[in-house]
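[1] here are the coordinates; sequence isn't available:
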């Protein structure tokens, strides 16, 4: 005897995946009313497409923090979703924590995505590459190809979304976010982040202890 699927379960699944009512009902019936299995069922069929949700407004969410062991590196990151309901979900908060850890681990990352990198930064990186000795004697057309490849690699190093996820290097941060969009049924965006490194930007004074003692004795 098949499990009776309630309207509440169908509504919950539709809310989490964005799939149609009939698709949600069929998925629940196929999985015995188990929400998690039904979500996976819909994902496999492509009915919970993340790409369709990427243009939806995301103004709710959380500001997550991460302090690395030793308290020398800290991160604040704002992750947005569409509703307060999803912002309270453990999966969303776990994602936010993982993103904060990723930022702490990737010191080269300075921007959320490649399209946010200012043109002057790109031009500066190009100038650096063109001046490197290992390509100085190459023909211009070869030089341009080498620099193009190196710049593409460099821009990915600066971009958070292009980083391999530290807990699963087979998945990029962009793919990780899309997985959660499908799972939670809402658009999810990394809005901004700030990395704090202890002593960063402070001119450290190196004291000559022997000189200090000598000056104190003879003063």
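    Okay, I see it. A quick note: this is a predicted structure, and the numbers were derived from the prediction, not measured. Numbering: from 1, shown residues only.
[2] residue 93 and residue 62 touch, don't they?
    Yes: Residue 93 is within contact range of residue 62, at 6.3 Å (criterion: Cβ atoms under 8 Å). All C-beta atoms are positioned from the backbone trio N, CA, C, and that covers glycine.
[3] you'd agree residue 37 is in a helix?
    Yes: under DSSP: H, G, I helix; E, B strand; the rest coil, residue 37 falls within a helix.
[4] domain-wise, how is the chain divided?
    7-48, 60-197 (automatic domain parsing).
[5] how about the contacts made by residue 126?
    147, 151 (Cβ atoms under 8 Å, 6 or more residues apart in numbering).
[6] on the pLDDT front, check residue 10 for me.
    Residue 10 is assigned 88 on the pLDDT scale.
[7] what helices or strands is whichever strand or helix holds it leaning on?
    Following DSSP states H and E, one finds residue 10 within helix 7-17. Judged by 3 or more Cβ pairs under 8 Å, 6 or more residues apart in numbering; DSSP states H and E, the packing partners of helix 7-17 are helix 21-30, helix 35-45, helix 173-184.
[8] now do the buried residues in the first one.
    Read it as helix 21-30. Neighbour-count burial for helix 21-30 flags 23-28 (criterion: 16 or more other Cβ atoms under 10 Å).
[9] now it: mean pLDDT?
    86.
[10] what's that helix packed up against?
    helix 7-17, helix 35-45.
[11] mind putting the ones you listed into a markdown table with mean neighbour count?
    As requested, the helices and strands packed on helix 21-30 are exported to a markdown table (neighbours: other Cβ atoms under 10 Å):
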| stretch | mean neighbour count |
| --- | --- |
| helix 7-17 | 18 |
| helix 35-45 | 18 |
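[12] and residue 33, that's in a helix?
    No: with three-state DSSP as the criterion, residue 33 is coil rather than part of a helix.
[13] want to throw the domains of the chain into TSV with distance to residue 203?
    Output for the domains of the chain, formatted as TSV (distance: least, Cβ to Cβ, whole Å):
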stretch	distance to residue 203
domain 7-48	52
domain 60-197	15
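[14] comparing the ones you listed, which stretch has the densest surroundings?
    Using mean count of other Cβ atoms under 10 Å, the stretch among the domains of the chain with the largest mean neighbour count is domain 7-48, at a mean of 18.
[15] show me what the helix ranked longest in the chain is packed up against.
    Secondary structure of the chain per DSSP state H: the longest helix is helix 140-158. Using 3+ Cβ pairs under 8 Å, 6+ apart, the elements in contact with helix 140-158 are helix 119-130.
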